[in-house]
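Any chance you can model this:
(one chain, ligands or ions: 1)
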Amino acid sequence: MSNVVVIGTQWGDEGKGKVVDLLTSSADLVVRFQGGNNAGHTLVVNGEQTICHLIPSGILHAEKKCLIGNGVVVDPQVLIEEIDGLREKGISVNHENLSLSEKAHLIMPYHRAIDDAREAAKGKDKIGTTGRGIGPCYEDKAGRSGIRAIDLLEPDTLEKKIRSNLEEKNFYLTRFFKADALEFQPIYDAYQSMAEILKPYLTDVSLEIDVAIDAGKQILFEGAQGTHLDIDHGTYPFVTSSNPIAGAACPGAGVGPDKLHHVVGIVKAYTTRVGAGPFTTELLDDTGDYIQKKGAEFGATTGRRRRCGWLDLFMVRDSIRFNGVTSLSITKLDVLTGLETLKICVGYDLDGKRLDSRPVSLKDLGRCVPLYEELPGWREDISTAKEIDQLPQETRNYLTRIEEITGVPLSIISVGPIRDQTIILQDPFTPSV
Ligand code: IMP
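All right, here's what the predicted structure looks like:
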């Protein structure tokens with residue numbers, strides 16, 4: 001039996017959803033361990049698209065259990081809407097197939113208000129957050145004034161916490177940002193009625209996972225966002241407020257590191273980023289537009305146009321180190337079809353010197369010049385390939401260079417959006433000997 005963690009090695013939107021969906025067939029439990037409804041994955045249910053932000057896509061598979069770990073910040077309104085939306089499409093969602101950690105922190109209306117007010121006040125220096133209140137909620141968690149899912153079961157605790165938080169938040173909102181104050185009663189009433197709906201889903205997620213492991217079940221830990229949005233290791237402050245790296249599955253789900261056996265690092269065949277911050281291989285030309293259009297690079301959560309650029313393996317190499325990546329999964333390879341020459345960034349130059357590692361200073365990072373290796377592209381349609389041998393030689397060369405430069409074997413290659421359009425080289429749930 002083995003457990004697998006799936007994480008993004010870039011700035012999110014690597015196409016984790018498809019790989020998670022694929023691996024879910026070998027898993028019994030699918031667990032989210034960080035982030036919140038800043039993430040988004042598109043699910044196709046009976047030919048219709050649904051975007052889920054909190055519920056793992058495993059919910060579409062009968063007999064699979066989906067768990068939202070304590071490391072996730074949960075907007076209860078969004079969770080309820082997702083449950084309702086899936087039910088309307090005929091998917092059964094109940095406490096048998098969905099659990100929410102009692103320890104998960106809740107996003108409150110004042111978190112969203114502060115997120116918006118702060119971004120507006122920053123003007124051109126804004127982070128470009130998703131505006132979902134993610135950062136302010138994690139701040140309260142660290143500041144020990146957060147409201148946890150368990151508090152929904154204790155009306156007096158909930159009331160006390162909302163009152164004392166509102167006193168502080170309203171002072172901040174009205175005095176500092178000149179924004180509107182929020183009223184206690186509508187918030188309390190809304191959270192009380194949502195408590196009734198969510199009560200059956202609340203569990204000790206860590207214990208549930210432990211029991212499942214003891215029973216010989218396999219777990220898939222689903223990371224959200226990407227490594228370079230990590231609060232510690234990303235391009236701070238242009239990051240999210242959690243740790244989207246593999247090790248965060250431990251505190252975020254309540255498991256020990258011995259329970260994580262294989263880390264799949266998802267690498268999109270090129271690089272994208274939403275929101276602000278340095279992007280060394282960004283393409284501000286026709287090639288960037290070509291990739292953006294062909295790859296339909298718009299955010300699933302905010303609909304924003306994603307910035308596009310060449311594959312940056314100097315950056316991915318850092319991700320391999322931060323995550324302990326066992327194998328790489330290459331996604332959206334088909335998007336590169338038709339480009340005459342492809343570039344892979346293999347290093348950075350700063351003031352005429354080749355760097356050994358990426359600079360931590362954003363000023364320096366912003367001045368880095370990418371060092372590229374050029375490879376010939378391919379024109380053939382690769383979207384129906386089922387085996388590596390069915391790919392053109394140029395495509396195989398591109399993949400081989402990724403493996404050589406990173407020193408990590410490839411496990412899954414995606415050549416199109418649907419499940420069938422996948423080449424599996426190694427099943428991450430089957431440990432290699
Ligand atoms: P926040 O997570 O909403 O606070 O946003 C912080 C930064 O992370 C912004 O640049 C967002 O665009 C980015 N971000 C957050 N979630 C995602 C995601 O799922 N994909 C890509 N970028 C994200």
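
Closest to the centroid, which residue in this structure?
By Cα atoms, centre = their mean, the mean C-alpha position of the chain lies nearest to Ala224, the distance being 1.9 Å.

check contacts around that residue.
When the contact criterion is Cβ atoms under 8 Å, 6 or more residues apart in numbering, the partners of Ala224 are 12, 16, 32, 34-36, 38-39, 244. Every residue, glycine included, has its C-beta placed from N, CA and C.

for the residues you listed, which one is nearest Gly265?
Nearest to Gly265, judged by Cβ to Cβ, of those is Lys16 at 10.1 Å.

Look up how far the ligand lies from that closest one.
9 Å (Cβ to the nearest ligand atom, to the nearest Å).

For that residue, give me phi and psi.
phi -60, psi -40 (degrees, to the nearest 10).

What count of nearby residues applies to it?
If you count neighbours by other Cβ atoms under 10 Å, Lys16 ends up with 26.

on that earlier part again, any idea which of the contacts of Ala224 has the most stuff around it?
In terms of neighbours by other Cβ under 10 Å, the contacts of Ala224 top out with Gly36 at 32 neighbours.

residues from the stretch 251-400 of the chain in reach of the ligand?
Contact residues, the stretch 251-400 of the chain versus the ligand (Cβ under 6 Å from any ligand atom): 274-275.

Indicate the residue of the stretch 251-400 of the chain located nearest to the ligand.
Minimum separation of the stretch 251-400 of the chain from the ligand (Cβ to the nearest ligand atom) falls at Gly275, amounting to 2.2 Å.

residue contacts, that residue?
By Cβ under 8 Å, 6+ apart, the residues touching Gly275 are 127-129, 238, 304.

Quick check, pLDDT for it.
What the model reports for Gly275 is a pLDDT of 86.

list the buried ones in stretch 211-218?
Residues of stretch 211-218 classed as buried under the neighbour-count rule (16 or more other Cβ atoms under 10 Å) are 212-213, 218.

Would you agree Ser242 is in contact with Asn38?
No. With contact taken as Cβ atoms under 8 Å, Ser242 and Asn38 are classed as non-touching, separated by 9.1 Å.

Now do the helices in this structure.
Under the criterion DSSP state H, helices of the chain are mapped to 16-24, 76-88, 109-122, 134-142, 155-171, 184-198, 205-214, 249-253, 286-294, 313-323, 362-367, 393-406.

Make TSV out of those helices and add mean pLDDT.
Formatted as TSV, those follow (pLDDT from 0 to 100):
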stretch	mean pLDDT
helix 16-24	92
helix 76-88	96
helix 109-122	97
helix 134-142	98
helix 155-171	98
helix 184-198	98
helix 205-214	98
helix 249-253	98
helix 286-294	96
helix 313-323	98
helix 362-367	97
helix 393-406	98
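
and of the ones you listed, who's closest to Glu63?
For Glu63, the closest of these is helix 16-24, at 10.5 Å, according to Cβ to Cβ.

What residues of stretch 389-401 count as buried?
Under the neighbour-count criterion of 16+ other Cβ under 10 Å, stretch 389-401 has 391-392, 394-395, 398-399, 401 buried.
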